[in-house]
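Visitor: just the structure for this:
(2 chains)
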Amino acid sequence: MRLTRIAAAATITALTLTACGGEKIGGTPAGETSTAACGAFNLAINPWVGYEATAAVIAYVATRDLGCQVTKKDLKEEIAWQGFGTGEVDAVVENWGHDDLKKKYIDEQKTAVSAGSTGNKGIIGWYVAPWMAAQYPDITDYKNLNKYAELFKTSESGDKGQLLDGDPSFVTNDEALVKNLKLDYKVVYAGSETALITAFRQSEAKKTPVIGYFYEPQWFLSELKLAKVSLPAYTAGCDADAAKVACDYPEYDLDKIVSKKFADANGPAYQLVKAFSWTNDDQNLVAKYIAEDKLSADDAAKKWVEANEDKVKAWLGR
Amino acid sequence: VTATAVTAPLARTRRRPRKPVLIAAILLAWVAIWIPAHGTHTLSLSPADLTPLHEWLNDVNDTVGANRNSSPVFLYFFNEIRAVIDTLVTFLQDVIAQPSFGRPVPVLGWLGVVAVVAYVSWFFAGWKPALLAAAGFVLLGMQGLWTESMDTLALTIAAVVIALAAGIPLGIWAGLSDRFHRLITPVLDFMQTMPTFVYLAPLTLLFLIGPASATIATLIYAAPPAIRLTAHGIRSVPPSAIEATTSLGSTRWQTLRHVLLPLARRTIVLGVNQTIMAALSMVTIAALIDAPGLGKTVIKALQTLDVGTAFNAGLAIVVMAVVLDRVTTAAGDRVRQTGPGRQRRLRRPLVVGGGVLVAVCGYLSYTYYWAAEFPDGAGVGSAISRTADSVALWAQTELSTATAWLKDLVTTVLLNPLQALLVESPWWLAGAVAVALGALLGGVRAALTTAACIGLIIGTGLWQDSMTTLAMTIVATLLVMVLGVGVGVWMGRNRYADRIIRPVLDAGQTMPAFVYLVPFLALFSATRFTAIVAAVVFAAPVAIKIVADGIRGIPATTVEAATAAGSSTWQMITKVQIPMARRSLTLAANQGLIYVLSMVVVGGLVGAGALGYDVVAGFSQGQLYGKGLAAGAAIVLLGIMLDRIARTNPPKGDNS
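Guide: Reported below is the predicted structural model:
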């Protein structure tokens, strides 16, 4: 008895609610399948904003102009490269050197090939916050660093100055540099980009001395223009022996790496990746949209592309 | 007879205090030898250097990668497993999270999911948990994170289902067979303490990038509690109960089904609960290999140091964890209660009526947009983000002077001396001290295990890094115990304190560390102390909860007797409650230690260096892969060694 009554009540409620209505969910509105020419395009997203900016623009153009089905995959570098062989990744669109990975996947396993430069120049070095460069103008020359070592003492560096190192993704020669340039410093491994950025931010805000490893292009530099410390100039081969390095880091030509299969198929997505090229300023702008203006990657890319249709046309060969 | 009865306890009391004296003697001898010998035989290895073992591990990894597409093991074994798990996860995502079956929305919209969750919670756990569950899930939507939350839920369900399907049978086996129990315990230790970073890359090699790898990474970490607690539950069934049934002529199968499993059910449900919690704590790390869901939001926000957005997503993980925790705990408590007759009579129509209501909600959310896509959350999410942002900013600017002072104090008084003692000791000295302590505290077996662990740590080539990490681990565990006893006693004595503090502890345990790294870095800089604080935030809640339970477990009559005898509050705590809760204190120290060790890698991200950094660097750079793996192994070995030295008797497993 009671059972039926409750069931009835529930049904009536349901019908009332249904009567209220609302917009009904239709079948498949999206999915115009004119994508046969391009097809699926698996784009690795390495975990830093500059990369995301590059990838966002490529993905946006690939979707809008070529009708590709772009799948973005958030992966660390090593894992993304591994994905070339297993067919899970088609392209990595900002590679910082990584000679070890090139040797392994391009030369040995032959699962990857280079698709040329992104046009971005990567710079690695030692940086200080702007207030330090203003207050101690000669600090940006490595020869004067010993004079200031006292300033940079921390709980981690004992009686030496602290050189804050270590986004673990990048190769660093800093221990060898400190030793070979006879600097009175100790390398302390911060361990992440987050730690480095926070250190510089606090340095500027609190006027506490920090010197550390950093790199550009990087969105943070548009928030705080760090000053680079000059090291002995880089000459070809001066970093050949890792233990004896006593020169600056080379300028990296950031490049694009694609899977061999993807390159051999030579589809429109591959041609776009291959033709893609822009400047550090372009990337910094899109990175700023993402990091500071908090646009989604896709919106940031849209904003840039719509202001730069001529560059996009050149990539598409139109 | 009277003479021996009197002298025996006397002799015992006279022999007792020798243990602390011996320990002090060992430590003194250590310092005495350290003074002339320090700085020699320290087995140091700089961050960029590799040993032959590390290079060999790299080669193994490369070989696997090179043969992946041709080897039959992959074609017919790993690929099959991967396909099954991928299908399961994708199916769950299709149902609750992602547009599917040619529709722009998932099969079940938010209304349907909330209805199902509330109904299931009510059915198994009761009204209160059901209300909490419904409110919690609505909050997820209002935070603007509905889709991400459902992706996380889908992955978590898949991982938990598989972990339980494998874990409960294994646990039963381990409960029935001593030999299997001995065999599997170190494997479980390994699964729980080996840092995830070490096996993420190999997993994507074996199971490719995608939901399968993320699920497997999650279940490696999440399955052990289910196995341990199931075994523990079965082992705790009183032998008399088993004897009674065997004497009645039951077969083993009947004993298992009708006696062991029903009696162990509560503990097994606790295992389910712990497995869910462990699975949720993997959400952010799994996002590093493209696991969908809230973890991605956290990681993305971290790239731009967007504390607010990361906090909002982290809070969603906490909300989900608290809901699932309360529901499973309540379900566990209810397992053996049967309600009074009236309630049971009322229940059946409610079950049917509720079922119909759920079906209606499900239908609505299948059919109409308003019930499918969560309506705009009225800015709740952005309000949470903004508040978190401004709180973090305020703390960074206003508190950093005081926190820097605290950091320097702990570093100079506690950490630096301890680290100097451990790191600068010759390996044979530190090793001998550890073995001697093992022998003294845990007996011959512990001494042997310690010696073996020392040998293997030296074998990893990372002795000095291990000692640095050990120093930080000891300091962190000490702080955890100070908090554990302080807050735990308070909570154990005061129900109101318990009610207020417990949710904070839950948040500390489930809030992804990535969320609070940025403010911590601002407060304490990239230092070893930051790593210690992060570890304490994660590990102290467990210790506090265990101590509080221990204090509350003291029989009320004992407490009353002490009060009647005129004890002051201080006397009551120090003379009665803490001594009587001693077993809980040991367990708290043990679990606190394991939790501290599981944060070593996070420490590596914020300036701890040593093993944590080795693991992180190994995950990021191909040529350091082998070294990272060795560092992971060293962390496991440190864990096993400390556990065996410190373990007096309580078996691990009930890590609630």
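Visitor: make it CA atoms for all contacts and neighbour counts henceforth
Guide: Fine.
Visitor: so what's the closest residue in space to A:D255 that isn't next to it in sequence up against?
Guide: Excluding the flanking residues, the one nearest A:D255 by Cα to Cα, 6 or more residues apart in numbering or on different chains is A:S117, at 4.0 Å. The contact partners of A:S117, taken as Cα atoms under 8 Å, 6 or more residues apart in numbering or on different chains, are A:253-256, A:277.
Visitor: now A:S117: which helix or strand?
Guide: Here A:S117 sits within strand A:112-128, counting by DSSP states H and E.
Visitor: for stretch B:234-253, give the mean pLDDT please.
Guide: Mean per-residue pLDDT for stretch B:234-253: 82.
Visitor: just to revisit the earlier point, how much space separates the residue nearest to A:D255 from A:D281?
Guide: 15 Å (Cα to Cα, to the nearest Å).
Visitor: same question for A:A134.
Guide: Relative to A:D281, A:A134 is positioned 25 Å away (Cα to Cα).
Visitor: residues touching residue 292, list them.
Guide: Defaulting to chain A. B:T304.
Visitor: wait, I meant chain B there
Guide: Residues near B:P292 by Cα under 8 Å, 6+ apart: B:148, B:151-152, B:155, B:211.
Visitor: can you rerun that using 10 Å?
Guide: Counting by Cα atoms under 10 Å, 6 or more residues apart in numbering or on different chains, B:P292 touches A:73-74, B:93, B:147-155, B:210-211, B:214, B:283-284, B:286.
Visitor: what about the residues you listed, which are in strands?
Guide: A:73-74 (DSSP state E).
Visitor: from the contacts of B:P292, list just the buried residues.
Guide: For the contacts of B:P292, a burial check counting by 16 or more other Cα atoms under 10 Å in any protein chain shown picks out A:73-74, B:93, B:147-155, B:210-211, B:214, B:283-284, B:286.
Visitor: where does chain A dip in pLDDT?
Guide: Counting by pLDDT under 70, chain A has low-confidence residues at A:1-21, A:26-36.
Visitor: can you pull the contacts of the closest residue to chain A within the stretch 151-300 of chain B?
Guide: The nearest approach of the stretch 151-300 of chain B to chain A comes at B:D290, 4.8 Å away (Cα to the nearest Cα). Taking Cα under 10 Å, 6+ apart, we find B:D290 in contact with A:44-45, A:72-76, B:209-211, B:213-214, B:296.
Visitor: ok, back up a step: okay if I get the contacts of A:S117 as JSON lines plus secondary structure?
Guide: Shown next, in JSON lines, are these (DSSP: H, G, I helix; E, B strand; the rest coil):
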{"residue": "A:D253", "secondary structure": "strand"}
{"residue": "A:L254", "secondary structure": "strand"}
{"residue": "A:D255", "secondary structure": "strand"}
{"residue": "A:K256", "secondary structure": "strand"}
{"residue": "A:S277", "secondary structure": "coil"}
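Visitor: buried set for stretch A:124-135?
Guide: Across stretch A:124-135, burial judged by 16+ other Cα under 10 Å covers A:124-133.
Visitor: can you give me the strands in chain A?
Guide: Under DSSP E, chain A gives strands at A:40-45, A:69-74, A:91-95, A:112-128, A:161-165, A:185-189, A:211-216, A:227-229, A:252-259.
Visitor: B:L483: which of these is closest?
Guide: B:L483 lies closest to strand A:185-189 among those, at 28.8 Å (Cα to Cα).
Visitor: distance from the chain centre to that closest one, please.
Guide: Distance, stretch centre to chain centre, for strand A:185-189: 25 Å (Cα atoms, centre = their mean, to the nearest Å).
Visitor: by contact count, what packs against it?
Guide: strand A:161-165, helix A:174-180, strand A:211-216 (3 or more Cα pairs under 10 Å, 6 or more residues apart in numbering or on different chains; DSSP states H and E).
Visitor: next, B:T267: secondary structure please.
Guide: Classification of B:T267 using three-state DSSP returns helix.
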